[in-house]
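S.K.: Test case, fold it:
(one chain, ligands or ions: 1)
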Amino acid sequence: MVKIFRLKNIISIKDFEREDVEYILEEASKLEDIAKSREISDELKGKILGLMFFEPSTRTRISFETAMKRLDGQCIGFTSSGSSSVSKGESIADTAKMFEGYSDALVIRHELEGVSKFISDIVNVPVINAGDGAGQHPTQTLLDLYTIKNEVGSIDNLRIALIGDLKFGRTVHSLSQALGLFENVKIYLVSPPELRMPQEVLIDLNKTNVEYEEVTSIENIIDDIDVLYVTRIQKERFGDIDDYLKIKGAYIINKKMLEGKDVIVMHPLPRIDEIDTDVDNTEFNKYFTQAANAVPVRMAILKTLIKNNPK
Ligand code: NCD
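M.R.: Coordinates of the predicted model:
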């Protein structure tokens, strides 16, 4: 049993040691029964979670809310900049200070990198980054790792292909950095040349034991991988829509290309067209399991941070 979780805030997966990841995964597996059987435990009774979603979200926001409610806590917050006083000109700092006065922890999603870090520096309650622009999405990574551990058996020795928008996709940035904490991992980075993994992430990978290879097609690697991690082309982060239209639909995974392969398909969702719906009813589909795993993993995160940092 891993005994401690050192972090007060979850801002970047780069702040994690392997033990911190393992702590959350173990805690999540203990909470999974409550999540699956739709029960409520009173671990966070009387606590309030502040949700500050400046950028749209379905799964992340709803699963944080579900996780808080399964622990008998409550949620307050807003779901877009337009529905908060930021639209009247209030600064993010003032909004955050106000939320600090009302809540036991804050969950922040913003289109700009660094906003969660900025808020964590000015409030005393734990801050959780739920996605900052093309930066990081550390809680998605924890549920991705939880899914890999459950479905593949181990994260050490993993062979994984990350496919799609590796430039703007924050989930693949955090996931590859997290895989650097494990042993004997091989990552295939599959993207059009325009959407390659940013240099700063590759520099981080170079400091770890992870072996990685950049490729442009999946045909040659499909027999060599345990996990195909598919991502959406991040339309909203392209300056020029024509650049998006040129690349849109670059990789589409379908049932035929998976048949006979020993691989699972994951996707942080939302999916546009990058996984054909004919994969949905096959044993390859683990993306809906992955989405469901958000609840026990976020329960583990909330329980740990709020209990470790009482107001
Ligand atoms: C992702 C995100 O918001 O970064 N979705 C999620 O949180 N599950 C992926 C995406 O938007 O493509």
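
S.K.: What is the helix or strand where residue 129 lies packed up against?
M.R.: According to DSSP states H and E, residue 129 maps onto strand 127-132. Packing partners of strand 127-132 (3 or more Cβ pairs under 8 Å, 6 or more residues apart in numbering; DSSP states H and E): helix 59-70, strand 105-110, helix 115-122, helix 138-152. Every residue, glycine included, has its C-beta placed from N, CA and C.

S.K.: quick one: it near the ligand?
M.R.: Yes - under the criterion of Cβ under 6 Å from any ligand atom, the ligand is reached by strand 127-132 at residue 131.

S.K.: for stretch 12-27, same thing?
M.R.: No - using Cβ under 6 Å from any ligand atom, stretch 12-27 never reaches the ligand; the gap is at least 13.2 Å.

S.K.: Residue 60: neighbour count?
M.R.: 24 (other Cβ atoms under 10 Å).

S.K.: contacting residues for it?
M.R.: Counting by Cβ atoms under 8 Å, 6 or more residues apart in numbering, residue 60 makes contact with 109, 130, 131, 137, 139, 140, 294.

S.K.: again, only using 10 Å
M.R.: The contact partners of residue 60, by Cβ atoms under 10 Å, 6 or more residues apart in numbering, come to 51, 53, 107, 109, 130-131, 137, 139-140, 143, 268-269, 294, 298.

S.K.: averaged over its residues, what pLDDT does the strand holding residue 129 have?
M.R.: The average pLDDT within strand 127-132 is 97.

S.K.: Next, count neighbours for residue 214.
M.R.: Applying other Cβ under 10 Å, we find 14 residues neighbouring residue 214.

S.K.: On the three-state scheme, the nearest residue to it once chain neighbours are set aside is what?
M.R.: Closest residue to residue 214 apart from its sequence neighbours, by Cβ to Cβ, 6 or more residues apart in numbering: residue 189 at 4.6 Å. With DSSP: H, G, I helix; E, B strand; the rest coil as the basis, residue 189 sits in strand.

S.K.: isn't residue 189 right next to residue 179, touching?
M.R.: No - with contact defined as Cβ atoms under 10 Å, residue 189 does not reach residue 179; the gap is 11.6 Å.

S.K.: Need the residues touching each of those two.
M.R.: 160, 162, 205, 212.

S.K.: and the second one, what does it touch?
M.R.: For residue 162, the set of contacting residues under the criterion of Cβ under 10 Å, 6+ apart consists of 169, 171-173, 175-176, 179, 187-191, 197, 212, 227-231, 266.

S.K.: List, out of those residues, those positioned next to the ligand.
M.R.: residue 171.

S.K.: out of the contacts of residue 162, which are inside helices?
M.R.: Of the contacts of residue 162, the ones assigned to helices by DSSP state H are 171, 172, 173, 175, 176, 179.

S.K.: Mind putting those into a markdown table with pLDDT and neighbour count?
M.R.: Formatted as a markdown table, the ones in helices among the contacts of residue 162 follow (pLDDT from 0 to 100; neighbours: other Cβ atoms under 10 Å):
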| residue | pLDDT | neighbour count |
| --- | --- | --- |
| 171 | 97 | 23 |
| 172 | 97 | 28 |
| 173 | 97 | 27 |
| 175 | 98 | 27 |
| 176 | 98 | 26 |
| 179 | 98 | 26 |
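
S.K.: still on that earlier bit, of the shared contacts of residue 189 and residue 179, closest to the ligand?
M.R.: residue 162 (12.5 Å; Cβ to the nearest ligand atom).

S.K.: Helix or strand: which one has the closest one?
M.R.: strand 159-163.

S.K.: Return the distance of that strand from the chain's centre.
M.R.: Distance of strand 159-163 from the chain centroid (Cα atoms, centre = their mean, to the nearest Å) equals 16 Å.

S.K.: pretty sure residue 286 is touching residue 268, no?
M.R.: No - using Cβ under 10 Å, residue 286 is not in contact with residue 268; the gap is 11.9 Å.

S.K.: would you list every one of the strands in the stretch 151-300 of the chain?
M.R.: Along the stretch 151-300 of the chain, counting by DSSP state E, counting those that start in this stretch, strands occupy 159-163, 186-190, 211-215, 227-230, 264-266.

S.K.: Adding mean pLDDT, write those strands out as a markdown table.
M.R.: Output for the strands of the stretch 151-300 of the chain, formatted as a markdown table (pLDDT from 0 to 100):
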| stretch | mean pLDDT |
| --- | --- |
| strand 159-163 | 98 |
| strand 186-190 | 98 |
| strand 211-215 | 97 |
| strand 227-230 | 98 |
| strand 264-266 | 98 |
